[in-house]
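Participant: Starting from these lines, generate the structure:
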Amino acid sequence: MKRLLAAAVLALGAAFCGAAPPALADGCYICTSGSPCQQCRYGGSDTQAERKKCRDAGCKIGGTKSCSSAANIKTCRAGLGTGGPNYAAFELLTDPAR
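Facilitator: The predicted structure is shown next:
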């Protein structure tokens, strides 16, 4: 009985390993001094279109990095088309279902 249970657990484990969702490929641009935020999050690849969205949000791009989740880092988000800076923490407060 234990062998049957162990085989079932291994089969379920193998089935769930193949059903993992794809990894998200978000990154951040470093915003230099004079920008309204310290980093600007973009989705997907580092393209000129993503850079333009961050520049439109007010970020003066100084380079790329992995995104920081520290509470003291202001983060703008690219690509929402509002024309002004869009802060990620504010989005979470206004729409916690994200």
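
Participant: Surely residue 44 touches residue 50?
Facilitator: Yes: using C-beta atoms under 8 Å, residue 44 is in contact with residue 50, at 6.9 Å. All C-beta atoms are positioned from the backbone trio N, CA, C, and that covers glycine.

Participant: Comparing these two, which residue is more hemmed in?
Facilitator: residue 50 (19 against 13; other C-beta atoms under 10 Å).

Participant: and that one, that's in a strand?
Facilitator: No: counting by DSSP: H, G, I helix; E, B strand; the rest coil, residue 50 is not part of a strand but helix.

Participant: how many other residues sit next to the nearest residue to it once chain neighbours are set aside?
Facilitator: Excluding the flanking residues, the one nearest residue 50 by C-beta to C-beta, 6 or more residues apart in numbering is residue 42, at 4.1 Å. The tally of other residues near residue 42 (other C-beta under 10 Å) stands at 24.

Participant: Just read off the phi/psi values of residue 42.
Facilitator: Main-chain torsions, residue 42, degrees, to the nearest 10: phi -130, psi 160.

Participant: contacting residues around it?
Facilitator: 26, 27, 28, 29, 50, 51, 53, 54, 78, 79 (C-beta atoms under 8 Å, 6 or more residues apart in numbering).

Participant: Flag the least confident of those residues.
Facilitator: The pLDDT minimum for the contacts of residue 42 sits at residue 79, where the score is 68.

Participant: Can you verify my assumption that residue 77 contacts residue 41?
Facilitator: Yes: between residue 77 and residue 41 there is a contact under C-beta under 8 Å: 5.1 Å.

Participant: Tell me where the protein has strands.
Facilitator: Remark: strands assigned in the chain by DSSP state E are 27-31, 39-42, 61-65, 75-77.

Participant: Distance to residue 2 added to those strands, as CSV?
Facilitator: Converted to CSV, these look like this (distance: least, C-beta to C-beta, whole Å):
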stretch, distance to residue 2
strand 27-31, 47
strand 39-42, 49
strand 61-65, 50
strand 75-77, 50
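
Participant: Good, wrapping up.
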